[in-house]
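Engineer: Let's see this in three dimensions:
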Amino acid sequence: MNRLDLLKDKLKKREKIFGVTMSIPLHNVLSVLASQEPDFIVFDFEHGPFNTELAVSLFNLCRLVDITTVVRVQDSLYHLIAKPVDFGADGIMLPRTESLEQVKTAVEALRFHPYGKKGFAGGPVFRKNETFDDINHNRLLFIQIESPKGVETLPQMLEKYGDDIAGVIIGPYDLSIMVNTPLELRSSAIMEQIEEIIKICDSKGKSCGIYCNDEKDAEYWYGKGINLLWTACDLIYMEKGYAKAVSKIKGL
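Structural biologist: I've put the predicted structure just below:
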(Lines give C-alpha, C1' and ligand atoms only; values in the text may rest on other atoms or scores of the structure.)
Protein backbone atom coordinates (compact mmCIF):
# COMPACT_ATOMS: atom_id res chain seq x y z
CA MET A 1 0.00 0.00 0.00
CA ASN A 2 1.43 3.42 -0.97
CA ARG A 3 1.46 6.35 1.45
CA LEU A 4 -1.46 8.10 -0.22
CA ASP A 5 -3.62 5.04 0.43
CA LEU A 6 -2.27 4.84 3.98
CA LEU A 7 -3.21 8.48 4.54
CA LYS A 8 -6.70 7.92 3.17
CA ASP A 9 -7.11 4.99 5.54
CA LYS A 10 -5.89 7.05 8.52
CA LEU A 11 -8.29 9.87 7.62
CA LYS A 12 -11.25 7.50 7.54
CA LYS A 13 -10.27 5.93 10.86
CA ARG A 14 -9.44 9.35 12.37
CA GLU A 15 -6.03 8.16 13.46
CA LYS A 16 -3.12 10.44 14.35
CA ILE A 17 -1.79 12.17 11.24
CA PHE A 18 1.31 14.35 10.94
CA GLY A 19 2.03 16.86 8.22
CA VAL A 20 4.72 19.48 7.71
CA THR A 21 4.97 22.64 5.61
CA MET A 22 7.63 23.19 2.98
CA SER A 23 8.62 26.83 2.43
CA ILE A 24 12.17 26.53 1.04
CA PRO A 25 11.88 25.32 -2.58
CA LEU A 26 15.03 23.18 -2.67
CA HIS A 27 15.35 19.46 -3.35
CA ASN A 28 17.76 18.83 -0.49
CA VAL A 29 15.34 20.46 1.96
CA LEU A 30 12.55 18.25 0.65
CA SER A 31 14.78 15.21 1.11
CA VAL A 32 15.26 16.12 4.79
CA LEU A 33 11.51 16.55 5.32
CA ALA A 34 10.75 13.31 3.49
CA SER A 35 13.32 11.37 5.53
CA GLN A 36 11.05 11.59 8.58
CA GLU A 37 8.17 10.06 6.61
CA PRO A 38 5.40 12.58 7.32
CA ASP A 39 1.89 11.60 6.28
CA PHE A 40 1.87 14.60 3.94
CA ILE A 41 3.84 17.71 2.99
CA VAL A 42 2.06 21.02 2.43
CA PHE A 43 3.24 23.28 -0.38
CA ASP A 44 1.92 26.72 0.53
CA PHE A 45 0.83 28.53 -2.62
CA GLU A 46 -1.27 30.97 -0.57
CA HIS A 47 1.39 32.59 1.62
CA GLY A 48 4.58 30.77 0.62
CA PRO A 49 7.06 31.33 -2.24
CA PHE A 50 5.68 28.58 -4.46
CA ASN A 51 3.99 28.60 -7.82
CA THR A 52 3.29 25.61 -10.04
CA GLU A 53 6.48 26.05 -12.05
CA LEU A 54 8.65 26.02 -8.92
CA ALA A 55 6.88 23.01 -7.48
CA VAL A 56 6.77 20.64 -10.47
CA SER A 57 10.16 19.01 -9.93
CA LEU A 58 9.46 18.78 -6.18
CA PHE A 59 6.16 17.02 -6.88
CA ASN A 60 8.08 14.57 -9.06
CA LEU A 61 10.56 13.87 -6.26
CA CYS A 62 7.70 13.31 -3.82
CA ARG A 63 6.22 10.74 -6.19
CA LEU A 64 9.59 8.96 -6.41
CA VAL A 65 9.99 8.73 -2.62
CA ASP A 66 6.26 8.09 -2.07
CA ILE A 67 5.37 11.22 -0.08
CA THR A 68 1.83 12.63 -0.31
CA THR A 69 1.66 16.26 -1.43
CA VAL A 70 -1.02 18.79 -0.50
CA VAL A 71 -1.13 22.28 -2.01
CA ARG A 72 -2.73 25.12 -0.11
CA VAL A 73 -4.14 27.16 -2.97
CA GLN A 74 -4.79 30.89 -3.06
CA ASP A 75 -8.55 30.74 -3.54
CA SER A 76 -11.47 28.61 -4.69
CA LEU A 77 -11.01 29.11 -8.42
CA TYR A 78 -10.90 26.34 -11.02
CA HIS A 79 -7.44 27.09 -12.44
CA LEU A 80 -5.83 27.52 -9.02
CA ILE A 81 -7.06 24.08 -7.94
CA ALA A 82 -6.83 22.04 -11.13
CA LYS A 83 -3.34 23.10 -12.24
CA PRO A 84 -1.35 21.81 -9.22
CA VAL A 85 -3.17 18.50 -9.58
CA ASP A 86 -2.28 18.43 -13.28
CA PHE A 87 1.39 18.54 -12.28
CA GLY A 88 1.25 15.86 -9.60
CA ALA A 89 -0.24 17.22 -6.37
CA ASP A 90 -2.22 14.61 -4.44
CA GLY A 91 -4.61 17.05 -2.87
CA ILE A 92 -5.45 20.63 -2.10
CA MET A 93 -6.19 22.65 1.01
CA LEU A 94 -8.84 25.31 0.52
CA PRO A 95 -8.26 28.38 2.71
CA ARG A 96 -11.00 30.61 4.15
CA THR A 97 -13.74 28.09 3.39
CA GLU A 98 -17.13 29.56 4.28
CA SER A 99 -19.64 28.48 1.66
CA LEU A 100 -21.11 25.54 -0.20
CA GLU A 101 -20.21 27.32 -3.45
CA GLN A 102 -16.50 27.33 -2.57
CA VAL A 103 -16.57 23.59 -1.89
CA LYS A 104 -18.56 22.92 -5.06
CA THR A 105 -15.96 24.78 -7.14
CA ALA A 106 -13.13 22.80 -5.51
CA VAL A 107 -14.83 19.44 -6.04
CA GLU A 108 -15.53 20.19 -9.69
CA ALA A 109 -11.92 21.29 -10.26
CA LEU A 110 -10.56 18.11 -8.63
CA ARG A 111 -12.85 15.51 -10.22
CA PHE A 112 -13.37 14.33 -13.76
CA HIS A 113 -16.85 13.74 -15.20
CA PRO A 114 -19.28 12.48 -13.91
CA TYR A 115 -18.23 13.82 -10.48
CA GLY A 116 -16.76 17.12 -11.64
CA LYS A 117 -15.61 19.24 -14.56
CA LYS A 118 -11.85 18.82 -14.50
CA GLY A 119 -10.12 19.03 -17.86
CA PHE A 120 -7.75 16.32 -19.05
CA ALA A 121 -4.07 17.21 -18.76
CA GLY A 122 -2.31 13.86 -19.13
CA GLY A 123 1.20 13.24 -17.84
CA PRO A 124 1.87 13.80 -14.13
CA VAL A 125 -1.82 13.93 -13.18
CA PHE A 126 -1.74 10.12 -13.15
CA ARG A 127 0.04 8.10 -10.50
CA LYS A 128 1.30 4.71 -11.67
CA ASN A 129 -1.52 2.53 -13.01
CA GLU A 130 -4.22 5.04 -12.05
CA THR A 131 -7.46 5.30 -14.03
CA PHE A 132 -9.75 8.31 -14.31
CA ASP A 133 -11.99 6.76 -11.67
CA ASP A 134 -9.00 6.26 -9.38
CA ILE A 135 -8.13 9.95 -9.64
CA ASN A 136 -11.69 10.91 -8.81
CA HIS A 137 -11.39 8.99 -5.55
CA ASN A 138 -7.71 9.59 -4.76
CA ARG A 139 -7.30 13.36 -4.90
CA LEU A 140 -7.81 14.83 -1.44
CA LEU A 141 -9.76 17.95 -0.52
CA PHE A 142 -9.09 19.57 2.85
CA ILE A 143 -11.21 22.56 3.77
CA GLN A 144 -9.66 25.15 6.07
CA ILE A 145 -12.01 26.85 8.53
CA GLU A 146 -10.79 30.30 9.50
CA SER A 147 -13.88 32.32 10.46
CA PRO A 148 -17.10 32.09 12.51
CA LYS A 149 -19.03 32.04 9.23
CA GLY A 150 -17.06 28.96 8.20
CA VAL A 151 -17.88 27.31 11.52
CA GLU A 152 -21.56 28.14 11.07
CA THR A 153 -21.66 26.67 7.56
CA LEU A 154 -19.48 23.62 8.32
CA PRO A 155 -22.37 21.22 9.13
CA GLN A 156 -23.99 22.00 5.77
CA MET A 157 -20.71 21.57 3.91
CA LEU A 158 -20.10 18.18 5.51
CA GLU A 159 -23.71 17.14 4.97
CA LYS A 160 -23.61 17.87 1.24
CA TYR A 161 -19.96 17.21 0.38
CA GLY A 162 -18.82 14.91 3.19
CA ASP A 163 -17.77 12.16 0.79
CA ASP A 164 -15.54 14.63 -1.06
CA ILE A 165 -13.95 16.28 1.97
CA ALA A 166 -10.96 14.34 3.31
CA GLY A 167 -10.60 16.45 6.43
CA VAL A 168 -11.33 19.76 8.13
CA ILE A 169 -8.33 21.89 9.12
CA ILE A 170 -8.50 24.86 11.48
CA GLY A 171 -6.48 27.97 10.66
CA PRO A 172 -5.96 29.39 14.17
CA TYR A 173 -4.19 32.61 13.21
CA ASP A 174 -6.83 33.93 10.83
CA LEU A 175 -9.58 32.59 13.07
CA SER A 176 -8.13 34.57 16.00
CA ILE A 177 -8.28 37.72 13.88
CA MET A 178 -11.85 37.00 12.80
CA VAL A 179 -13.04 36.65 16.43
CA ASN A 180 -11.33 39.95 17.36
CA THR A 181 -8.53 38.47 19.44
CA PRO A 182 -5.70 38.69 16.89
CA LEU A 183 -2.88 36.21 17.50
CA GLU A 184 -4.32 35.22 20.91
CA LEU A 185 -4.54 31.57 19.93
CA ARG A 186 -6.04 30.35 23.22
CA SER A 187 -8.51 33.19 23.87
CA SER A 188 -11.97 32.19 25.07
CA ALA A 189 -13.45 33.50 21.82
CA ILE A 190 -11.29 31.31 19.57
CA MET A 191 -11.52 28.29 21.87
CA GLU A 192 -15.30 28.44 21.63
CA GLN A 193 -15.06 28.28 17.83
CA ILE A 194 -12.46 25.50 17.83
CA GLU A 195 -14.45 23.39 20.27
CA GLU A 196 -17.49 23.76 18.03
CA ILE A 197 -15.48 22.62 14.99
CA ILE A 198 -14.24 19.56 16.89
CA LYS A 199 -17.81 18.78 17.98
CA ILE A 200 -19.10 19.04 14.41
CA CYS A 201 -16.31 16.82 13.05
CA ASP A 202 -16.98 14.26 15.78
CA SER A 203 -20.67 14.17 14.91
CA LYS A 204 -19.87 13.65 11.21
CA GLY A 205 -17.03 11.17 11.76
CA LYS A 206 -14.61 13.47 9.97
CA SER A 207 -10.89 13.92 10.66
CA CYS A 208 -10.18 17.30 12.24
CA GLY A 209 -6.85 19.11 12.01
CA ILE A 210 -5.17 22.32 13.05
CA TYR A 211 -1.98 24.21 12.28
CA CYS A 212 0.54 23.75 15.12
CA ASN A 213 3.51 26.00 15.81
CA ASP A 214 5.55 23.18 17.33
CA GLU A 215 5.44 19.80 19.07
CA LYS A 216 4.00 21.35 22.26
CA ASP A 217 1.11 22.76 20.26
CA ALA A 218 0.61 19.35 18.65
CA GLU A 219 0.52 17.64 22.05
CA TYR A 220 -2.02 20.17 23.35
CA TRP A 221 -4.40 19.88 20.42
CA TYR A 222 -4.10 16.10 20.20
CA GLY A 223 -5.24 16.05 23.83
CA LYS A 224 -8.27 18.10 22.78
CA GLY A 225 -9.34 15.45 20.27
CA ILE A 226 -7.71 16.78 17.08
CA ASN A 227 -6.13 13.96 15.08
CA LEU A 228 -4.57 15.80 12.13
CA LEU A 229 -1.52 17.75 13.26
CA TRP A 230 -0.18 20.08 10.58
CA THR A 231 3.01 21.59 11.93
CA ALA A 232 5.37 24.47 11.34
CA CYS A 233 7.55 24.83 8.26
CA ASP A 234 11.09 23.82 7.40
CA LEU A 235 12.38 27.37 7.89
CA ILE A 236 11.06 27.58 11.47
CA TYR A 237 12.61 24.23 12.37
CA MET A 238 15.91 25.34 10.81
CA GLU A 239 15.85 28.61 12.76
CA LYS A 240 15.17 26.80 16.04
CA GLY A 241 17.90 24.23 15.47
CA TYR A 242 20.41 26.87 14.39
CA ALA A 243 19.59 29.12 17.36
CA LYS A 244 19.99 26.19 19.76
CA ALA A 245 23.38 25.25 18.30
CA VAL A 246 24.68 28.82 18.27
CA SER A 247 23.53 29.37 21.86
CA LYS A 248 25.50 26.35 23.00
CA ILE A 249 28.60 27.39 21.06
CA LYS A 250 28.47 30.95 22.42
CA GLY A 251 28.12 29.55 25.93
CA LEU A 252 31.29 27.48 25.74
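Engineer: Show me where the stretch 101-250 of the chain has its strands.
Structural biologist: Listed in chain order, the strands of the stretch 101-250 of the chain (DSSP state E, counting those that start in this stretch) span 140-145, 167-170, 208-212, 228-233.
Engineer: Can you flag the weakest of those by average pLDDT?
Structural biologist: In terms of mean pLDDT, the lowest-scoring of the strands of the stretch 101-250 of the chain is strand 228-233 (a mean of 92).
Engineer: Now do that one: which elements does it pack against?
Structural biologist: Strand 228-233 is packed against strand 17-22, strand 167-170, strand 208-212, helix 215-223, with contacts defined by 3 or more Cβ pairs under 8 Å, 6 or more residues apart in numbering; DSSP states H and E. (C-beta placed from N, C-alpha, C; glycine too.)
Engineer: Save the strands of the stretch 101-250 of the chain as TSV, and put in mean neighbour count and distance to Asn2 too.
Structural biologist: Listed next are the strands of the stretch 101-250 of the chain as TSV, based on neighbours: other Cβ atoms under 10 Å; distance: least, Cβ to Cβ, whole Å:
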stretch	mean neighbour count	distance to Asn2
strand 140-145	25	13
strand 167-170	26	18
strand 208-212	24	21
strand 228-233	23	19
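Engineer: so which of the ones you listed comes closest to Gly88?
Structural biologist: strand 140-145 (13.3 Å; Cβ to Cβ).
Engineer: That closest one packs against which elements?
Structural biologist: On a contact count with 3+ Cβ pairs under 8 Å, 6+ apart, strand 140-145 meets helix 3-13, strand 69-72, strand 91-94, helix 100-110, helix 148-161, strand 167-170.
Engineer: thinking again about what came up before, can I get the helices and strands packed on strand 228-233 in TSV with distance to Gly123?
Structural biologist: Formatted as TSV, the helices and strands packed on strand 228-233 follow (distance: least, Cβ to Cβ, whole Å):
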stretch	distance to Gly123
strand 17-22	22
strand 167-170	27
strand 208-212	30
helix 215-223	36
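Engineer: Between these, which one is closest to Lys83.
Structural biologist: strand 17-22 (18.0 Å).
Engineer: Adjacent strands (with direction) for that closest one?
Structural biologist: Applying DSSP bridges, strand 17-22 is found paired with strand 40-44 (parallel), strand 228-233 (parallel).
Engineer: got the contact list for the helix or strand just after the shortest one?
Structural biologist: Counting by DSSP states H and E, the next helix or strand C-terminal to strand 40-44 is helix 52-65. The set of residues that contact helix 52-65 without belonging to it, under Cβ atoms under 8 Å, 6 or more residues apart in numbering, is 22, 25, 27, 30-31, 34, 41, 43, 45, 68-69, 71, 83-84, 87-89, 124, 127.
Engineer: Any quick PyMOL command for the buried ones out of the residues you listed?
Structural biologist: Buried residues within the contacts of helix 52-65, by 16 or more other Cβ atoms under 10 Å, are selected in PyMOL with:
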select buried, resi 22+25+30+34+41+43+45+68+69+71+83+84+87+88+89+127
